[in-house]
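>>> Sequence first, then the predicted structure:
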Amino acid sequence: MCAKNSINGLQENTHTPEKLIKLGTIAHLASHVVIKFIEEMFKGFDKRVGEVLVQNLAVDVSAEEEYKNEVNSLPGTD
């Protein structure tokens, strides 16, 4: 610690407006990166959920068609 930076034995506040502006800018950019990451994560999640729902719907429709075919193929169901 340099004596120039001390006032009555206490360290002088070294946070200049330029340093605070840089820190604010860095925090602002970091928050945007985090927000963008979360947005992309939810977009991927939404896409996967949509795919699963469509697959389940397709399975349900094909299962219903198979059931109808089986019922129609039973003897005496003309």
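Structure received.

>>> What ranges does this protein have for its strands?
6-7, 10-11 (DSSP state E).

>>> Worst mean pLDDT among these?
When these are compared by mean pLDDT, strand 6-7 comes last with a mean of 56.

>>> in this protein, what spans have low per-residue confidence?
1-15, 76-78 (pLDDT under 70).

>>> Mind jotting down where the helices sit in it?
Along the chain, counting by DSSP state H, helices occupy 17-72.

>>> residues of stretch 69-78 that come out buried?
The neighbour-count check on stretch 69-78 (16 or more other C-beta atoms under 10 Å) flags nothing as buried. (C-beta placed from N, C-alpha, C; glycine too.)

>>> Relative to the whole chain's centre, how far out is that stretch?
50 Å (C-alpha atoms, centre = their mean, to the nearest Å).

>>> could you dump that stretch to CSV, C-alpha only?
Extracted in CSV, the C-alpha atoms of stretch 69-78 (Å, rounded to 0.1, in the frame of the first residue of the first chain):
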residue,chain,number,x,y,z
ASN,A,69,-59.1,-52.8,-37.6
GLU,A,70,-59.1,-55.5,-35.0
VAL,A,71,-62.7,-55.0,-34.1
ASN,A,72,-63.7,-54.9,-37.8
SER,A,73,-61.8,-58.1,-38.5
LEU,A,74,-63.7,-60.1,-35.8
PRO,A,75,-66.2,-62.6,-37.1
GLY,A,76,-69.7,-61.4,-37.2
THR,A,77,-68.9,-57.7,-37.4
ASP,A,78,-69.9,-56.8,-41.0
